[in-house]
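Chemist: this one's sequence-less:
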């Protein structure tokens, strides 16, 4: 990992077509601007992690057939 110090309005270039610009610095937060070609996805890591967790939960959820069978079993035991 490369760690670089930047002041407000200073930027970092990645390759020839990606620029990371420090737009504001406050006590506990840094705001950055990103200039990149439209074809390059820019995502926050926490959103990717949430999507992954949601996919995992959905794939481990009971299937509709299993739920219907369970309902039938519970209905017949009453």
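Modeler: Yep, that arrived. Not measured: the values here are computed from a predicted model. Residues are numbered from 1 along each chain as shown.

Chemist: can you pull the buried residues of the biggest strand by length in the chain?
Modeler: When secondary structure is assigned using DSSP state E, the longest strand within the chain turns out to be strand 18-25. In terms of neighbour count (16 or more other C-beta atoms under 10 Å), strand 18-25 has its buried residues at 20, 22. Heads up, the C-betas are built off the backbone N, CA and C, glycines and all.

Chemist: strands paired with it, and their directions?
Modeler: Sheet pairing of strand 18-25 (DSSP bridges) gives strand 11-14 (antiparallel), strand 30-35 (antiparallel).

Chemist: got the contact list for that strand?
Modeler: Contact with strand 18-25 is made by 6-14, 30-37, 40, as judged by C-beta atoms under 8 Å, 6 or more residues apart in numbering.

Chemist: Break this protein into its domains for me.
Modeler: 1-38, 43-78 (automatic domain parsing).

Chemist: Select from these the stretch with the lowest mean pLDDT.
Modeler: Ranked by mean pLDDT, the domains of the chain end with domain 43-78 in last place, scoring a mean of 78.

Chemist: mind checking how far that one is from the chain centre?
Modeler: 21 Å (C-alpha atoms, centre = their mean, to the nearest Å).

Chemist: Quick check: buried residues in that domain?
Modeler: Buried residues in domain 43-78 (16+ other C-beta under 10 Å): none.

Chemist: quick revisit: which of the contacts of strand 18-25 are buried?
Modeler: Buried members of the contacts of strand 18-25, scored by 16+ other C-beta under 10 Å: none.

Chemist: Going along the chain, name the helices of the chain.
Modeler: Listed in chain order, the helices of the chain (DSSP state H) span 45-60, 64-76.

Chemist: how about a markdown table for the ones you listed, with distance to residue 23 added?
Modeler: What follows is these, written out as a markdown table (distance: least, C-beta to C-beta, whole Å):
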| stretch | distance to residue 23 |
| --- | --- |
| helix 45-60 | 20 |
| helix 64-76 | 48 |
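
Chemist: Of all those helices, which one is nearest residue 2?
Modeler: Closest to residue 2 of the helices of the chain is helix 45-60 (C-beta to C-beta; 17.2 Å).
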